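S.K.: sharing a model prediction with you, sequence too.
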Amino acid sequence: MKRIFVCLLAAALLLACAGCGGKKTETAEEKTLTGTLDEVKDFMFVVTDKDGVSYALNFEKKPEGLADVSVGDSVTVTYTGELSEIDPFTGTILRVEPAK
């Protein structure tokens with residue numbers, strides 16, 4: 001009786017683990033933010049949009065194009081993830097370029 005119970009428990013565990021192993025095939029949607037570059041630090045920068053809302057965007061590796069713009073410039077930031085006034089940015093910054 002114990003062997004049957006252990007075998008059923010092991011089978012249930014295998015099925016539960018198999019359901020967790022699926023790959024996500026979603027591709028991250030690219031979004032843009034246009035505004036004024038207010039501050040640049042070694043790990044983040046701040047952009048204020050036309051409505052006066054400031055967004056702090058943090059990064060591990062300096063994004064492409066950030067070195068080519070200066071504080072006070074109008075920029076367009078291309079990113080993935082979610083942007084929030086309150087919560088920390090958890091997406092990826094793809095590039096920063098002067099706004100057109």
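M.R.: Nice, I can see it.

S.K.: roughly how far does the residue positioned nearest the centre of the chain sit from Ala11?
M.R.: The C-alpha lying nearest the average C-alpha coordinate of the chain belongs to Gly91 (C-alpha atoms, centre = their mean; 0.7 Å). The gap separating Gly91 from Ala11 is 40 Å, by C-beta to C-beta, to the nearest Å. Backbone N, C-alpha and C define where each C-beta goes, glycine included.

S.K.: which elements pack onto the lengthiest strand in the chain?
M.R.: Identified as the longest strand of the chain according to DSSP state E is strand 31-40. Counting contacts by 3 or more C-beta pairs under 8 Å, 6 or more residues apart in numbering; DSSP states H and E, strand 31-40 is packed against strand 44-48, strand 54-58, strand 74-80.

S.K.: now the longest one: average pLDDT?
M.R.: Meaning strand 74-80. Averaged across strand 74-80, the pLDDT comes to 96.

S.K.: that one to strand 54-58, inter-axis angle?
M.R.: Angle of strand 74-80 versus strand 54-58, following axes from the mean of the first three to the mean of the last three C-alpha atoms, to 10 degrees, is 50 degrees.

S.K.: for strand 74-80, buried residues please.
M.R.: Val75, Thr76, Val77, Thr78, Tyr79 (16 or more other C-beta atoms under 10 Å).

S.K.: out of the residues you listed, who's nearest Arg3?
M.R.: The closest of those to Arg3 turns out to be Tyr79 (C-beta to C-beta; 55.3 Å).

S.K.: OK, contacts around the closest one?
M.R.: Glu30, Lys31, Thr32, Leu33, Leu57, Phe89, Gly91, Thr92, Ile93, Leu94 (C-beta atoms under 8 Å, 6 or more residues apart in numbering).
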